[in-house]
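> Sequence first, then the predicted structure:
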Amino acid sequence: MRVEKADLRREAGQRTRDGLQTAALELIAQRGQEGVTLREITDRAGANVAAVSYHFGSLKKLCDAAIEHALERYLDDKIRELDSLSPTATLHEVAVAFARPMMRALSAGGQDLAVMRTVARVGIDPPQGWDRLDDKFDRSRRGAVRVLAPNLPGVDEEELIFRTRCAAGLLNWLALAPIGTELAALSAEQIERQLVPVVAGAFRGDTPTGH
């Protein structure tokens, strides 16, 4: 009986923690971290102020945890997409898998895109203390390299990793720049048609021709 009660308390605590992170992320995505109050978060999550102190310690730590968790989910999505590719995947297929989490957010718009913009900001330069995500950044790059290498013989691993980092930076910039808003107004098919060749070009190392 004691074990069951302890399990129920842990589950309830995890639900409260998850609810606070979700509420914080939604509000941060709407108006930035500086515009969010503790009361707004707890009201949205249906929790009390003491729960924030218990689970996170402070409003700032809650907001940091919410953004970090969202970035982790984004990296997990990208890793899954890349891991699902066969070793014989084409360059186009690699670009689609690499860009799909961002394309999905652009296509959905609204809250999904707002959250992705928040993720993109921290993805460009993760704060100190988020070292635990280093492995997932590395896994996403190496997942891309695994399927890029057969498509780009003669390009060494260091160069391929550099190109994947450039492609990731391009996607983050698109989420934040006005052109991202323009893309979000298109259909999912149009977004893919516009974006995938650009990502594939970054992988391929295309350079402009002419003068």
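Received it, and whenever you're ready, just let me know what you need.

> contacts and neighbour counts: CA atoms only from here.
Noted.

> Any regions of the protein where pLDDT drops low?
1-9, 206-211 (pLDDT under 70).

> who touches the helix or strand harbouring residue 145?
Assigned by DSSP states H and E, residue 145 falls within helix 134-148. If you take Cα atoms under 8 Å, 6 or more residues apart in numbering as the criterion, helix 134-148 is touched by 72, 75-76, 78-79, 82-83, 85-89, 91, 94, 98, 157, 160-161, 164-165, 203.

> Using CSV, write out every CA atom in that helix.
Presented in CSV, the C-alpha positions along helix 134-148 are these (Å, rounded to 0.1, in the frame of the first residue of the first chain):
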residue,chain,number,x,y,z
ASP,A,134,25.7,18.0,-26.1
ASP,A,135,25.4,14.3,-26.8
LYS,A,136,22.1,14.8,-28.6
PHE,A,137,23.5,17.6,-30.7
ASP,A,138,26.4,15.2,-31.6
ARG,A,139,24.0,12.3,-32.3
SER,A,140,21.9,14.4,-34.7
ARG,A,141,25.0,15.5,-36.5
ARG,A,142,26.4,12.0,-36.7
GLY,A,143,23.1,10.6,-37.8
ALA,A,144,23.2,13.0,-40.7
VAL,A,145,26.8,12.1,-41.5
ARG,A,146,25.9,8.4,-41.6
VAL,A,147,23.6,8.9,-44.5
LEU,A,148,25.4,11.8,-46.1
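
> From the contacts of helix 134-148, which land in helices?
Among the contacts of helix 134-148, the ones falling in helices (DSSP state H) are 72, 75-76, 78-79, 82-83, 91, 94, 98, 157, 160-161, 164-165, 203.

> filter the residues you listed to the buried ones?
Buried by 16 or more other Cα atoms under 10 Å: 72, 75-76, 78-79, 82-83, 91, 94, 98, 160-161, 164-165, 203, out of the ones in helices among the contacts of helix 134-148.

> Flag every buried residue along stretch 25-32.
25-30.

> Of the residues you listed, which pair is most distant in space?
Largest separation among the buried residues of stretch 25-32 by Cα to Cα: 25 and 30, giving 8.6 Å.

> Give me the phi and psi for residue 153.
Residue 153 adopts backbone torsions of phi -60, psi 140, taken as degrees, to the nearest 10.
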